[in-house]
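Student: mind folding the following:
(chains A and B, ligands or ions: 1)
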Amino acid sequence: MTGTYLGMPAFPAVPDLPAFPAAAREAVRDEVLRANLRHATHTIRDKRARAVAELADWDRLRAAGKAVKDHTLRHLDRYLLQLEEAVTAAGGTVHWAADADEANRIVTELVRATGEREVVKVKSMATQEIGLNEALEAAGIAAYETDLAELIVQLGHDRPSHILVPAIHRNRAEIRDVFRAEMAGWGRPAPEPLGDDPRELAEAARLHLREKFLRAKVAVSGANFMVAETGTMVVLESEGNGRMCLTLPETLISVVGIEKVVPTFRDLEIFLQTLPRSSTAERMNPYTTMWTGLGPSRGADGDGPTAFHLVLLDNGRTDTLADETGRQALRCIRCSACLNVCPVYERAGGHAYGSVYPGPIGAILSPQLRGTRSAIDASLPYASTLCGACYEVCPVAIDIPEVLVHLRERVAQGGPVTRAGVRVTLRPADGHTAERAAMRAARLLLDHPGALRAGERLLARARRLAPRRLPGAGRAWTDSRELPTVAAQSFRDWWDRERSNPR
Amino acid sequence: MSSKDRILGRIRRALRDDAPAVAIPRDYLPVHGARTPAERVDLLAAHLAEYRALVHRTDEEALPALLARLLGARGARSVLVPTGLPPHWLPAGGPTRVPDRAASTPYELDRVDSVVTGCALAIAETGTIVLDAGPGQGRRRITLIPDHHICVVRVPDQVVDSVPQALPLLDPARPLTWISGPSATSDIELDRVEGVHGPRTLEVVLVGTQ
Ligand code: SF4
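Tutor: All right, here's what the predicted structure looks like:
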């Protein structure tokens, strides 16, 4: 394999990306993208509703899932230690990584130690979050994504736009063009001729990747769950690329966020019911692999890798844990249901969020994992209408609107936060002066009912003078929306009149 | 300070607020509906078929003939056989038997046409078969690399209703593979395509007294 750089830089840790409104404005104008997204999100969410309706105890499963995650987070130190002990006892090796750089360094060194120059990868958000492919590339190691959608994204020098279906912004003709143009430079070329039927495209991916699976000596994965009690790792998938990576290579390296631990094997009975139905809207995904260290045979019987490394990743998670309101984001099981119901995601697309976690969960997770210093992270808590649909569908009942409002307040007002384990006091973000003024004005008005009444009347009388677009900080909002018209009379006036003129 | 200590220290500092301890409600259902053993098997068959597995029913006596027919219909010239598979399941004179051996390379397995295995159990509500690498099932990779997998389920003994019923019967120390229909992807415009990397064809044979 050549050392050609094919990857596109992942979302950098502190991105220099445009703030959400600017990125979203561009996406909103892209008709094809909007049509693709609308079709995808509506299809999945209708199916999800049916899959969920099949279980009479859905609300109880949801409450139990939430409680398991909250309980685990309350005792996270204990469960991580128990997990480490169980994995080690089963022949695995556990590494701890405080941040992205450390995790990348650990994985790079583990791969180097095998003498290999390439790895196959199972789709993993944690490794995207830390930019592992780019770090390996810099060390002269080629990392091949093997999930079909991730392959499309990687070959297309693109970025994922959805948690579950990362290439959903691409249609079949675009995918065919990407395969034709790029497969040859990365391994087995696309078959000729290649049509754009999904069946043909999937076959091309099968042939292209099979040669990699059969020769791969090292694989990198994430995990959906880790069981503290037993040391068991769990990966849910559909295509079999996960099984290939998890069982054929000699060395398996799993990079997993510390929040993915659950206490007992039994707890899986909750999530194995809620995750597939919330995610792909299936009763169960085609393949789930569970392994515990090297297994009872220690890998000696040729069933699975002979070396297993687990890299436990913090990278902002403990900072998130330190925030009493925001920590609930760590319950997320990455099902993507919240993306599919979000009216903002549907229009703005996944790239506008500037993170591997798009949609509502991205809007609360990224600014917590990365802090709110960059323009994109400070703008993400505003990437919502607060309609609450995301909370309704979330299988672990994360109150996303609550966290969004909490983070907005943090951005606008500043206040205490934990960064890299240190308690600091955040200053209000730049560019939010108008909003702060508005917040103060709102408080003043709400505290002084007389002033509020006068203001409303004034607004009603001056309504013909009302602008089409808001000035200052409000401009981004009105750029892609109609400003609501001001009512002819205020609600209070109307109420007073109605009451004084009983019919 | 090691990263482990640093991370554990951050967690402990983060948790200093006195949020109440969380009890885990387990009032969700152990099973969704009451079924007779026969209904349970029917539900398994229906759910497997919905995910495009091919489902067959037979009894112990007719099993070898059915397996021979299924392998023949696919034109299989070779078939992977786990060590503990009952020898009489596969009749003599069929496709060449390839034993499941630790030494065989992925390339060798890639040249085999079919694989026949048993299973640890099956789950009716989700249409899932679970393999635990027991003697009749072999190593995880033999049900992965060949393009055609025939899995034999003893009914009704090996069938449970639900996921909560399945987990206590499984040993997490063993490698576990849960299979619900053949390999599939919906990554291209959400069109479902069967068979990306795993077997394109999954046939499930339900063996019981007919
Ligand atoms: S926040 Fe909830 S709905 Fe959204 S991806 Fe996470 S678990 Fe799923």
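Student: what is the burial count for residue 168?
Tutor: Picking chain A for this. 27 (other Cβ atoms under 10 Å in any protein chain shown). Heads up, the C-betas are built off the backbone N, CA and C, glycines and all.
Student: sorry, should have said chain B
Tutor: B:P168, neighbours per other Cβ under 10 Å, totals 10.
Student: helix/strand/coil for it?
Tutor: For B:P168, the secondary structure call by DSSP: H, G, I helix; E, B strand; the rest coil comes out as helix.
Student: sec struct for the nearest residue to it once chain neighbours are set aside, please.
Tutor: Spatial nearest neighbour of B:P168, excluding adjacent residues (Cβ to Cβ, 6 or more residues apart in numbering or on different chains): A:R266 at 7.5 Å. With three-state DSSP as the basis, A:R266 sits in helix.
Student: and stretch A:214-227, which residues are buried?
Tutor: With burial defined by 16 or more other Cβ atoms under 10 Å in any protein chain shown, the residues of stretch A:214-227 counted as buried are A:214, A:216-227.
Student: tell me the one among these nearest to B:G75.
Tutor: Here the nearest of those to B:G75, counting by Cβ to Cβ, is A:L214; it sits at 22.8 Å.
Student: per-residue confidence at the closest one?
Tutor: Note on A:L214: pLDDT of 95.
Student: so it touches B:D110, yeah?
Tutor: Yes - checked against Cβ atoms under 8 Å, the pair A:L214 and B:D110 is within contact range at 6.0 Å.
Student: nearest spatial neighbour of A:E229, skipping sequence neighbours?
Tutor: A:T264 (4.7 Å).
Student: same thing with B:D191?
Tutor: Using Cβ to Cβ, 6+ apart, the closest residue to B:D191 is A:P198 (4.3 Å).
Student: could you work out the end-to-end span of stretch A:330-348 for me?
Tutor: Separation of the first and last residues of stretch A:330-348 by Cα to Cα, to the nearest Å is 24 Å.
Student: and that stretch, anywhere near chain B?
Tutor: No - shown here: stretch A:330-348 not in contact with chain B (Cβ under 8 Å from any Cβ of the partner chain), separated by at least 10.4 Å.
Student: the residue nearest to B:D191 contacts B:E189, doesn't it?
Tutor: Yes - A:P198 lies in contact with B:E189 (Cβ under 8 Å); the separation is 6.6 Å.
Student: now the common contact residues for the two.
Tutor: Counting by Cβ atoms under 8 Å, 6 or more residues apart in numbering or on different chains, the shared contacts of A:P198 and B:E189 are A:R172.
Student: tell me how far the residue lying closest to A:L426 once chain neighbours are set aside lies from the ligand.
Tutor: Leaving out its chain neighbours, the residue that sits closest to A:L426 by Cβ to Cβ, 6+ apart is A:G414, at 4.5 Å. Using Cβ to the nearest ligand atom, to the nearest Å, A:G414 is found at 26 Å from the ligand.
Student: over to A:R62?
Tutor: Distance from A:R62 to the ligand, by Cβ to the nearest ligand atom: 10 Å.
Student: isn't that residue up against A:I398?
Tutor: No - using Cβ under 8 Å, A:R62 is not in contact with A:I398, being 10.6 Å away.
Student: sweet, I'm off.
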